[in-house]
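Undergrad: Just the structure for this:
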Amino acid sequence: MEDISRELEREIARSKPKPYKKDRKTRVLIVDNFGKMKSGEHLKTLIKILSVITVFWFVAAVFYYYLYTDLSRDINPVKNRLVSAEKKVTELTREKEILMARLVISGKDPGIE
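TA: Predicted coordinates for the structure are as follows:
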């Protein structure tokens, strides 16, 4: 074994290479058919934008679903009133036609201005 002086030991310790520090940032690489590599960072941005848009549309769909179900519950009484009003209009129209026919048969002037 060699006898290394203390100064030489310190110099060796200082010049010792530091371990490689890994970059935690993920990268997207695109490799074409010929082995050429290209950066795919624009794909990461595109995926983030599409993810935000998807979440927005999902929240909007849930909101409109609950809004629709509340409105559909409220529409049943209105629908029933509409059906009864249509029946009433039909009955009144039939009654008006009968009365007009009686008036014509009796030969009197309706006197409507």
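Undergrad: Quick one: the strands in the protein, in order.
TA: Here the chain has its strands, by DSSP state E, at 29-31, 37-39.
Undergrad: give me the number of residues near G40?
TA: Residues contacting G40 under the criterion other CB atoms under 10 Å number 14. Placement of C-beta: from N, CA and C, glycine included.
Undergrad: measure it to V28 for me?
TA: Going from G40 to V28 by CB to CB, to the nearest Å gives 3 Å.
Undergrad: same question, K44
TA: The value you get for K44 to V28, if CB to CB is used, is 6 Å.
Undergrad: got it, and L103?
TA: Distance from L103 to V28, by CB to CB: 87 Å.
Undergrad: ok, now F58?
TA: On the measure of CB to CB, F58 and V28 end up 25 Å apart.
Undergrad: again, but for K22
TA: On the measure of CB to CB, K22 and V28 end up 17 Å apart.
Undergrad: Between these two, point out the one with more neighbours.
TA: V28 (12 against 6).
Undergrad: Report the contact partners of that one.
TA: 39-41, 43-44 (CB atoms under 8 Å, 6 or more residues apart in numbering).
Undergrad: give me that answer again for 10 Å
TA: Applying CB atoms under 10 Å, 6 or more residues apart in numbering to V28 gives the contacts 38-44, 47.
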